[in-house]
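**Student:** Give me the fold of what follows.
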Amino acid sequence: MGLRERKKQKTRLALIDAALDLFLEQGYEASTIDQIAANVEVSPRTFFRYFGSKEDVALALLADSQDIFLAELSARPESESPFVAMAQAMRLSLTAMGEGDEADHARFVKTRRLLDHHPQFMAGQRRLMMANEQRLLAEIARRRGTDDLRSHFVLALFTTVARVGFEYCRPDEVRDADAMAARLDEILAIAEASLRPDWDK
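**Tutor:** The predicted structure is shown next:
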């Protein structure tokens with residue numbers, strides 16, 4: 001990144017940190033965009049350059065993780081079949097998450113605490129997941145050369161495998177990036193061992 005991009009990223013992360021702290025300390029509804037901006041010493045107008053709403057900043061890390069996963073997937077070799085490419089991309093994105101610094105890990109834990117205890121974010125999480133699935137489907141169809149029933153099945157199976165990995169995590173693991181990565185890698189390995197080669201082409 002250039003200096004300008006690094007400054008923008010620093011401001012964005014500061015807004016996320018301020019928002020998460022306020023949401024957890026005084027409650028989501030009681031926290032305002034003005035308060036978030038003031039804690040970072042920027043204007044509310046600056047906040048809206050980065051996020052469209054309070055919900056957007058609360059779900060920022062979830063959206064970022066999906067973007068990282070899609071970027072890793074797009075970079076996978078064309079020779080890999082769709083499921084293999086997604087599994088490898090998932091492993092790489094989880095590794096990147098686990099290699100973050102202390103501030104990254106703290107942000108992850110705070111986000112999990114917030115989402116675990118505030119069901120009002122379920123709809124927003126669902127919207128993000130649905131949008132992400134459409135991007136995944138487009139990549140699967142591109143790799144296979146067609147958007148047919150098999151492409152939709154590949155997507156459905158992968159998202160189910162990933163969901164089982166997340167749901168099987170113990171409460172303490174859900175807040176530990178390394179433990180979550182290990183659990184998801186385990187479920188991906190089970191899936192890969194259960195499927196015949198090239199079933200998804």
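
**Student:** make it CA atoms for all contacts and neighbour counts henceforth
**Tutor:** Fine.

**Student:** Mind listing residues that contact stretch 134-143?
**Tutor:** For stretch 134-143, the external contacting residues (C-alpha atoms under 8 Å, 6 or more residues apart in numbering) are 70, 74, 78, 81, 82, 147, 148, 151, 152, 154, 155.

**Student:** Contacts only, for the most centrally placed residue in the chain.
**Tutor:** For the chain, the residue nearest the mean C-alpha position is residue 65 (2.8 Å; C-alpha atoms, centre = their mean). Residue 65 is in contact with residue 93, counting by C-alpha under 8 Å, 6+ apart.

**Student:** Return the set of buried residues in the strand or helix carrying it.
**Tutor:** When elements are assigned from DSSP states H and E, residue 65 belongs to helix 60-74. For helix 60-74, the neighbour count (16 or more other C-alpha atoms under 10 Å) marks 60, 61, 62, 63, 65, 66, 68, 69, 70, 72, 73 as buried.

**Student:** In JSON lines: the residues you listed, plus pLDDT and distance to residue 2.
**Tutor:** Formatted as JSON lines, those follow (pLDDT from 0 to 100; distance: C-alpha to C-alpha, whole Å):
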{"residue": "60", "pLDDT": "96", "distance to residue 2": "22"}
{"residue": "61", "pLDDT": "93", "distance to residue 2": "22"}
{"residue": "62", "pLDDT": "91", "distance to residue 2": "25"}
{"residue": "63", "pLDDT": "94", "distance to residue 2": "23"}
{"residue": "65", "pLDDT": "90", "distance to residue 2": "22"}
{"residue": "66", "pLDDT": "92", "distance to residue 2": "24"}
{"residue": "68", "pLDDT": "91", "distance to residue 2": "19"}
{"residue": "69", "pLDDT": "93", "distance to residue 2": "23"}
{"residue": "70", "pLDDT": "94", "distance to residue 2": "23"}
{"residue": "72", "pLDDT": "94", "distance to residue 2": "22"}
{"residue": "73", "pLDDT": "95", "distance to residue 2": "25"}
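
**Student:** And the next helix or strand past the helix holding residue 65?
**Tutor:** helix 82-98.

**Student:** For that next one, which outside residues touch it?
**Tutor:** Against helix 82-98 from outside (C-alpha under 8 Å, 6+ apart): 65, 68-70, 72-73, 76-77, 104-105, 140, 143-144, 154, 158, 177-178, 181, 185, 188, 192, 200-201.
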